[in-house]
Structure formats: C-alpha cells, structure tokens
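Visitor: when you get a sec, could you give me coordinates for this:
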Amino acid sequence: MINKSKYKSFRLSSKFFIYCSVVLVFLAFSFAYWILFPIALSLLILCTSVVITDGILLFKVKNGIEAKRVLPKMLGLADSYEIELQFSNNYPFTVEAIVYDELPQAFQERDFKIPIHLKQNEVKSYAYSIRPTRRGIYEWGVSNVICTSPLGLVERHYQLNSKEQLACYPSIIQMKNFELKAFAKIANFEGIKKTRRLGHSYEFEQIKQYIQGDDLRSVNWKATSRRNSLMVNQYEDERSQQIFCVIDKSRSMHMPFNGLSLLDYSINSSLVISNIALKKYDKAGLISFSDKLGVFLKAEKSRYQLKNILHSLYKENHRETEANFELLYHSIKKMVGTRSMLFLFSNFESSYALERALPVLRRINNIHLLVVIIFKNKELDDFAHQEALAVKDIYTQTIANKMGIEKRNMASILQKYGIQTILTEPEELSLRTVNKYLEMKAKGLI
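Guide: Next up is the predicted model:
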C-alpha cells in the first residue's frame with residue numbers, strides 16, 4: 001500500500017469553503033453594522049475548531065482505509081470482466097468516499113469514479129465491468145480514495161493498491177465455449193450444427209453388436225458368423241489431418257465492428273478452430289501474411305501447439321499494405337506439403353479485389369481444401385434497410401444495398417469455381433467457421 005505524507009494528503013472539502021463564504025459575508029457586513037462583528041468572529045472560531053477536530057478524527061488513524069484490487073489472471077479479447085475493489089474501514093465512524101481507480105489508457109476513461117459508503121469497521125466490495133478490445137498490455141495505476149468524516153469539512157487522500165499489469169490474449173473464454181458446443185454430448189447447444197456423415201471415408205474404430213439404426217452396409221459378416229449375432233463395423237473420423245488458419249494482416253482488415261477490427265475477429269476465431277481441431281486429433285497450424293509472410297507455424301498436434309498458436313496470435317499486428325496472394329501461394333506450396341484444409345481470413349471489399357486474387361485462390365484450391373471467409377458489412381446492411389426520409393437517403397441506401405449484393409456475388413463466384421466459402425457477419429465468424437470445419441470432416445472432404 002502506498003501512502004503520501006499526512007501534509008500532502010490533507011484537503012479541504014467544498015463544504016468548508018461554503019462555510020467560509022458565510023463567515024466572510026458576516027465580516028463584510030460588520031463594517032456597516034458593527035453588531036455583526038461578534039457573530040462573524042464566533043463563526044470563524046467555530047469553523048476553525050471544527051476543521052481542527054475533523055482533521056484529528058481523519059488523521060489519527062494511520063491506515064483508516066485499506067483496499068485490495070482483484071484482477072483476473074489474464075484478459076481475453078472482447079470478453080467482459082468484473083474488476084472487484086475491496087475496501088476496509090478502520091475508522092471508529094462512518095465515512096463517505098470517492099474512489100478514482102486509474103484504469104488502463106486503452107479504455108479511454110478520464111473521469112471514472114465510484115462513490116462508496118463504509119460503516120464503522122465494515123469491509124465492503126464494489127465492482128465495475130471492462131471489455132478489452134485490443135491485444136497487448138493493460139496497466140492499472142493506483143486507486144485514489146478521497147474520504148471525509150461525518151463533519152465533512154476535511155478530506156484525506158489515500159493512494160491504495162499498486163500498479164498492476166495484465167496481458168490481453170485472444171479470447172480463451174470464447175475458445176472454451178465453442179469447445180463445449182462442438183462435441184457430441186452437448187452438441188444440442190444453439191448454433192453448432194450436426195452434419196450427417198456420408199460414405200465410409202473414416203478410420204476403423206471397433207466391431208460392435210448391431211443396434212436398431214446402425215447402417216446395414218457396415219455389417220461384418222465374418223464376425224456375425226463367429227458370434228451368431230449381427231455385428232457391425234464402427235468408424236470414427238479420420239485423424240491427423242492438417243488444419244491451417246491463414247490470416248490476412250493487410251489494411252483491408254483494419255475495419256472495425258463493435259469495437260474489434262476484422263483482424264481481431266479472425267484471431268479469436270483462429271484460436272477457436274485450432275483448439276477444436278486439436279481436440280479432434282487433427283494437426284493445427286497458423287500462417288499470417290500481408291505484403292510479406294508473417295508467422296508460419298507448422299501443423300502439429302503436440303501438447304504445446306495450442307500455446308504456441310496463442311502466443312503467435314497475441315503478437316500479430318495490422319500492416320498498412322496490400323495483401324500479396326502470390327507470395328501466399330508460393331509459401332504454401334513450399335512449406336505445406338500434405339493436402340490440408342486452409343481457412344483464409346481476408347476481406348474483399350469489391351469484385352475487382354476478388355478478381356485479382358481469384359487465379360491464386362484457384363491454384364491453392366487445386367492442391368488443398370481452401371475455405372475463404374468473406375465478411376458482411378452489417379452496418380451497411382442495416383443502413384440499407386432503414387426508412388428513406390429524403391432523396392439523398394435513397395441514393396445512399398441504394399449504394400449500400402448494391403455493396404451488400406456485391407458481397408453475395410463474390411461468394412457465388414468462389415463457389416462456382418469449387419472454393420468453399422463462408423459469408424458471415426464478424427460477430428458470427430467463430431460459429432460459422434466451426435460449423436464449416438465439422439461439415440468438411442463429416443463429408444470426408446479433407
């Protein structure tokens with residue numbers, strides 16, 4: 001705990017200055033009406049006595065207010081957290097106080113304060129919510145507490161808690177939520193789709209007794225004759241397939257939605273899909289690029305792979321250049337030898353931008369299973385459906401509607417050339433990506 005000297009922590013309240021103003025008024029009028037002078041003098045003496053008494057009450061206790069800030073172990077991008085402040089009143093009377101907790105600069109809170117009321121020897125907790133929207137270090141400063149006694153003329157300034165730092169990583173909470181939703185025992189959560197398996201492109205798991213509903217094409221006749229009971233082969237999804245998240249870091253990914261850029265949405269979703277792939281016994285890898293190749297993590301399924309992906313995603317930053325898809329193609333061809341599923345997180349804002357990249361995307365899709373993510377502009381779509389109040393609004397809404405149609409046309413063009421496509425709003429990116437992964441696994445397309 002950090003305390004200033006008593007001299008520096010001494011303050012006079014606004015109530016004190018109101019009382020002094022009253023005394024000065026009496027003193028001013030006493031020049032004309034001498035009978036007011038004794039009253040003014042008495043008020044001055046009374047005010048001075050109250051200030052001294054108030055100061056003694058506040059400063060005789062060494063640590064009148066104690067505080068503790070409870071922070072999580074780490075922060076997740078776009079997750080909500082409750083920050084708890086615990087206060088203890090060591091004074092033998094009730095105190096009123098204002099707490100100015102020094103929040104990290106990223107939150108842009110310039111006048112954040114919490115009024116508190118503490119009874120004698122009371123311990124009380126107060127909480128406030130935060131939602132980090134940037135990766136990096138978040139630093140809390142001290143908690144400035146300005147408390148007053150019941151008399152209310154003197155204030156004492158405490159500086160409690162020390163400076164603390166937390167790192168904000170891609171969302172672990174979102175990753176865990178989708179991990180729970182993605183597996184069969186609780187796959188009835190809203191959003192995750194169950195996809196019917198087609199064919200038998202799976203690894204053999206075991207022979208089991210037939211039960212109603214099993215596929216008759218899976219009957220194992222040799223085992224049936226030996227056991228004199230109908231037996232069927234049971235299969236499981238093929239394992240050890242390579243799943244790569246390919247993240248475009250160019251300037252087109254700067255666009256913000258609900259406080260997060262498209263790059264940050266992509267980073268959160270990459271962590272989600274990498275975790276689920278590893279839980280499905282597949283290999284997860286990571287590629288980032290812009291005008292030059294960024295991180296390249298070889299697809300593996302080691303116990304440390306998710307941690308490596310998390311730390312790599314944490315360090316990714318925007319670049320102010322255009323994406324070089326030719327570089328991406330040659331890098332993938334050189335470093336990814338086995339047929340893999342590639343989730344490409346990019347933002348094509350016009351058909352012209354897609355046309356330039358399309359030949360490269362088709363070449364990548366010839367050697368790998370490519371899934372291209374195209375982001376809907378939700379704000380433009382909402383604007384296009386608003387009621388037009390003037391002729392100008394009709395023109396702007398027509399343009400907005402045209403851009404929305406262009407996005408859907410881009411998805412159709414990609415699908416026409418056999419490229420798997422996800423057209424999604426940024427907030428639904430993780431859900432759509434997980435569904436597409438499960439669908440591709442169920443169809444045995446990897």
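Visitor: can you list the weak-confidence ranges in the chain?
Guide: With pLDDT under 70 as the threshold, the chain has low-confidence stretches at 1-7, 183-205, 235-239, 381-385.
Visitor: three-state assignment of the residue nearest the centre of it?
Guide: In the chain, the C-alpha closest to the average C-alpha coordinate belongs to A78, at a distance of 1.6 Å (Cα atoms, centre = their mean). State at A78, reduced to three classes by DSSP: H, G, I helix; E, B strand; the rest coil: coil.
Visitor: show me what contacts it?
Guide: Neighbour list for A78: R131, P132, T133, S171, Q174, G259, L260, D264, N268 [criterion: Cβ atoms under 8 Å, 6 or more residues apart in numbering]. For every residue, glycine as well, the C-beta is placed using N, CA and C.
Visitor: got it, and Q305?
Guide: Taking Cβ under 8 Å, 6+ apart, one finds S274, L278, K283, A284, L297 in contact with Q305.
Visitor: what is the neighbour count of the last one?
Guide: Counted with other Cβ atoms under 10 Å, the burial measure for L297 works out to 19 neighbours.
Visitor: likewise for the second one?
Guide: Counted with other Cβ under 10 Å, residues neighbouring L278 total 20.
Visitor: and it, backbone torsions?
Guide: For L278, the backbone dihedrals are phi -70, psi -40 (criterion: degrees, to the nearest 10).
Visitor: quick check: it touching S302?
Guide: No: taking contacts as Cβ atoms under 8 Å, L278 lies outside contact range of S302: 9.1 Å.
Visitor: can you tell me which of the contacts of A78 has the most neighbours?
Guide: Of all those, the highest neighbour tally under other Cβ under 10 Å goes to N268, namely 26 neighbours.
Visitor: for that one, give me its contacts.
Guide: Under the criterion of Cβ under 8 Å, 6+ apart, the neighbours of N268 are L77, A78, P170, S171, Q174, M175, L429, S430.
Visitor: switch the contacts of A78 over to CSV; also include distance to A40 and secondary structure.
Guide: Supplementary listing: these in CSV, determined by distance: Cβ to Cβ, whole Å; DSSP: H, G, I helix; E, B strand; the rest coil:
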residue, distance to A40, secondary structure
R131, 55, coil
P132, 57, coil
T133, 58, coil
S171, 65, coil
Q174, 67, helix
G259, 58, coil
L260, 63, strand
D264, 65, helix
N268, 68, helix
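Visitor: and which of those residues is nearest to E139?
Guide: Closest approach between the contacts of A78 and E139, by Cβ to Cβ: P132, at 12.2 Å.
Visitor: mind naming the longest helix for this protein?
Guide: The helix that spans the most residues within the chain, counting by DSSP state H, is helix 391-416.
Visitor: tell me which stretches of the stretch 301-446 of the chain form strands.
Guide: Shown for the stretch 301-446 of the chain, the strands assigned by DSSP state E, counting those that start in this stretch span residues 340-345, 369-375, 420-424.
Visitor: go through the ones you listed and name the closest to W34.
Guide: When the strands of the stretch 301-446 of the chain are ranked by distance to W34, counting by Cβ to Cβ, first place goes to strand 369-375 at 81.9 Å.
Visitor: burial measure for K315, as a count.
Guide: Look at K315: counted by other Cβ under 10 Å, it has 11 neighbours.
Visitor: ok, what's across the strand from N89?
Guide: With DSSP bridges as the criterion, the beta-bridge partners of N89 are I65.
Visitor: hmm, it is touching H117, no?
Guide: No: using Cβ under 8 Å, N89 and H117 do not qualify as a contacting pair, with a distance of 9.6 Å.
Visitor: okay, and the common contacts of the two?
Guide: Counting by Cβ under 8 Å, 6+ apart, the contacts common to N89 and H117 are V95.
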